[in-house]
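Asker: how would this look folded up:
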Amino acid sequence: MLHRNIICIDLKSFFASCECIDRGLDPFKVDLVVANPYQGNGAITLAVTPHLKAQGVGGRTRLYEIPKHIKYEIVPPRMRLYLQKSKEVVSILLDYVNEEDLHVYSVDESFLDVTNYLKMYKKTDYELAKTIMEDIKKRTGLTSTCGIGPNMLLAKVAMDVEAKHTKDNIAKWSYEMVKEKLWSLTPLSKMWGIGPRMEKRLNNLGIKTIGELAQYDKNKLKAKFGIMGEELWNHANGLDEAVISDYKKLPKTESFSNSQVLFKDYDETNVKIIIKEMCELVSRRLRLAHKKCQVIGLGIGYSKSVGGSFYHNIKVKPTDLESEFIEITNYLFDSYYEYKPIRKVSISAGNLIKNDSLQLNLFKDLEEVEKEEKVNDAIDKIKEKYGKNSLVKASALLEDSTQIDRNQKIGGHHE
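Answerer: From the prediction side, this is the model:
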């Protein structure tokens with residue numbers, strides 16, 4: 001098991017706090033909402049102040065759902081301000097660790113590996129975290145919460161689950177605390193990396209708590225969810241081998257990607273048609289280039305009306321199979337989608353290697369893999385000879401599909 005000193009720092013109510021600080025207000029004493037005021041009472045709040053949260057107002061709610069007796073100020077989002085504040089915080093973090101030991105996870109959240117710094121600072125990881133948080137507060141006015149753990153997963157979950165309930169906004173978890181603190185989590189979506197859709201699929205297996213997931217048959221999870229099943233089981237047991245410095249050491253390799261801006265709002269009911277079509281395209285590009293990828297990523301951009309996005313990737317065994325792209329991207333979508341209107345989708349295939357060997361999958365029959373490769377080869381040859389639209393799946397005829405139209409374009413534009 002990995003034994004590092006990982007600190008995960010999150011900026012509390014970031015957007016709303018930035019707006020308050022810029023106005024000389026205390027976010028813990030005023031009621032302020034970040035939302036598009038021109039969308040009326042149906043507008044979704046992008047952030048609310050801690051003072052509003054203390055009154056039971058959620059961070060992602062519609063304006064009409066805020067109790068009528070609460071008087072609050074609405075301000076429009078200013079991404080330039082938030083990015084500037086985020087840069088200020090990252091600059092402070094780099095005063096404490098080198099760049100290779102800092103992973104900026106999002107605009108308001110970062111991981112630090114302080115393992116090799118504790119002797120230099122003559123502090124415990126807890127003491128160093130407190131010092132960093134006080135420095136952030138002093139220099140930017142922003143309040144933060146912090147999780148500490150022996151790996152990135154436990155540091156993140158400690159922060160998400162417990163830190164906001166402690167007096168100093170810090171929570172430290174160890175492997176010995178996994179059964180006590182992690183296994184009791186329910187619903188499953190409280191766990192980092194398990195979204196509402198994946199939660200439902202696990203519930204259907206009779207899994208309602210993280211402890212039940214941790215004690216479920218690992219091989220059955222693999223058979224059901226592929227490599228994602230193993231990751232789910234590892235995380236439920238507090239295991240995570242990712243090291244921050246490894247992200248910095250990865251060589252820049254050739255990669256393939258595809259993205260499209262959607263002509264209307266999509267959601268969980270129809271966006272998987274788009275994801276599936278893009279998986280087909282990227283996997284075909286790999287085969288035509290005689291490459292296989294070892295990293296698959298999914299990016300989702302939300303409508304400007306609500307703002308925000310996410311991008312996550314997963315390491316995989318070398319593959320160019322469309323079915324495996326669909327499996328991985330569906331898992332990522334189910335884990336991180338926030339039920340907002342979608343306007344952009346991107347699929348990436350990274351860390352490419354030459355396609356000169358067959359990587360066996362223990363949970364896929366060799367004959368099944370070879371059959372899929374032969375079918376893909378035949379489809380590729382037909383499309384190469386007669387055009388991309390000469391052979392399409394029935395789903396391409398659905399109203400929400402964009403495949404046939406996109407196949408008639410070059411570089412996203414009609415010829």
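Asker: list the buried ones in stretch 215-228?
Answerer: Neighbour-count burial for stretch 215-228, counted by 16 or more other Cβ atoms under 10 Å, picks out 216, 218, 221, 222, 224, 225, 226, 227, 228. C-beta: built from backbone N, CA, C; applies to glycine.
Asker: tell me where the stretch 101-250 of the chain has helices.
Answerer: Counting by DSSP state H, counting those that start in this stretch, the segments of the stretch 101-250 of the chain that form helices are 118-121, 125-140, 152-161, 196-203, 210-214, 218-225, 227-236, 244-249.
Asker: so how far is residue 258 from residue 346?
Answerer: 7 Å (Cβ to Cβ, to the nearest Å).
Asker: where does this structure have low pLDDT?
Answerer: Along the chain, segments meeting pLDDT under 70 span 246-253, 356-415.
Asker: could you chop it up by domain?
Answerer: Per automatic domain parsing, the structural domains of the chain span 6-12+81-177, 14-79, 179-245, 256-414.
Asker: picking that back up, joint contacts of residue 346 and residue 258?
Answerer: Residues touching both residue 346 and residue 258 by Cβ atoms under 8 Å, 6 or more residues apart in numbering: residue 278.
Asker: quick one, phi/psi of residue 45?
Answerer: The phi and psi values for residue 45, taken as degrees, to the nearest 10, are phi -70, psi 130.
Asker: you'd agree it is up against residue 72?
Answerer: No - look at residue 45 against residue 72 with Cβ atoms under 8 Å: they stay out of range, at 9.7 Å.
Asker: quick one: common contacting residues for those two?
Answerer: 33, 66.
Asker: so which of these two has more stuff around it?
Answerer: For the pair residue 45 and residue 72, the greater number of neighbours falls to residue 45 (24 against 20), based on other Cβ atoms under 10 Å.
Asker: give the contact list for residue 114.
Answerer: Residue 114 sits next to 5, 6, 7, 96, 97, 101, 125, 128, 129 when contact means Cβ under 8 Å, 6+ apart.
Asker: export the residues you listed as JSON lines, with columns for distance to residue 149 and neighbour count.
Answerer: Putting the contacts of residue 114 into JSON lines (distance: Cβ to Cβ, whole Å; neighbours: other Cβ atoms under 10 Å) gives the following:
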{"residue": "5", "distance to residue 149": "9", "neighbour count": "21"}
{"residue": "6", "distance to residue 149": "6", "neighbour count": "28"}
{"residue": "7", "distance to residue 149": "9", "neighbour count": "26"}
{"residue": "96", "distance to residue 149": "18", "neighbour count": "19"}
{"residue": "97", "distance to residue 149": "16", "neighbour count": "20"}
{"residue": "101", "distance to residue 149": "15", "neighbour count": "22"}
{"residue": "125", "distance to residue 149": "9", "neighbour count": "24"}
{"residue": "128", "distance to residue 149": "14", "neighbour count": "22"}
{"residue": "129", "distance to residue 149": "11", "neighbour count": "28"}
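Asker: going by distance to residue 30, which of those wins?
Answerer: Of all these, residue 30 sits closest to residue 129, with 27.6 Å by Cβ to Cβ.
Asker: right, and that closest one touches residue 168 too?
Answerer: No - with contact defined as Cβ under 8 Å, residue 129 does not reach residue 168; the gap is 9.3 Å.
Asker: thinking again about what came up before, quick check, nearest of the contacts of residue 114 to residue 237?
Answerer: Set against residue 237, the nearest of the contacts of residue 114 by Cβ to Cβ is residue 6 (17.0 Å).
Asker: now do the contacts for the closest one.
Answerer: By Cβ under 8 Å, 6+ apart, the contact set of residue 6 is 111, 112, 113, 114, 148, 149, 150, 151, 152, 154, 155, 244.
Asker: save the residues you listed as CSV, and put in distance to residue 206 too.
Answerer: Output for the contacts of residue 6, formatted as CSV (distance: Cβ to Cβ, whole Å):
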residue, distance to residue 206
111, 33
112, 38
113, 37
114, 40
148, 33
149, 29
150, 30
151, 28
152, 29
154, 26
155, 30
244, 36
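Asker: if you rank those residues by neighbours, which is first?
Answerer: Counting by other Cβ under 10 Å, top hit in those: residue 155 with 31 neighbours.
Asker: all strands for the stretch 201-350 of the chain, in order.
Answerer: Per DSSP state E, counting those that start in this stretch, the stretch 201-350 of the chain carries strands over the ranges 256-266, 291-302, 309-319, 342-350.
Asker: out of these, which gets nearest to residue 60?
Answerer: Using Cβ to Cβ, the nearest of these to residue 60 is strand 291-302, at 11.2 Å.
Asker: what's the angle between the closest one and strand 342-350?
Answerer: Interaxial angle, strand 291-302 versus strand 342-350 (axes from the mean of the first three to the mean of the last three Cα atoms, to 10 degrees): 160 degrees.
Asker: which residue packs closest to residue 272, ignoring adjacent ones?
Answerer: Spatial nearest neighbour of residue 272, excluding adjacent residues (Cβ to Cβ, 6 or more residues apart in numbering): residue 330 at 6.7 Å.
Asker: same deal with residue 29?
Answerer: Once flanking residues are discounted, residue 29 sits nearest to residue 51: 5.8 Å by Cβ to Cβ, 6+ apart.
Asker: can you give me phi and psi for that neighbour?
Answerer: phi -60, psi -40.
Asker: residue 27 and residue 54 touch, don't they?
Answerer: No - using Cβ under 8 Å, residue 27 is not in contact with residue 54; the gap is 11.0 Å.
Asker: the two - which one has more neighbours?
Answerer: Ranked by neighbour count (other Cβ under 10 Å), residue 27 and residue 54 place residue 27 first, with 27 against 10.
Asker: now do the SS call for that one.
Answerer: Here residue 27 is coil, with the state taken from DSSP: H, G, I helix; E, B strand; the rest coil.
Asker: not counting sequence-adjacent ones, nearest residue to residue 14?
Answerer: Once flanking residues are discounted, residue 14 sits nearest to residue 108: 3.8 Å by Cβ to Cβ, 6+ apart.
Asker: please disregard the earlier target; I meant residue 261.
Answerer: Excluding the flanking residues, the one nearest residue 261 by Cβ to Cβ, 6+ apart is residue 344, at 5.2 Å.
Asker: all set now, cheers.
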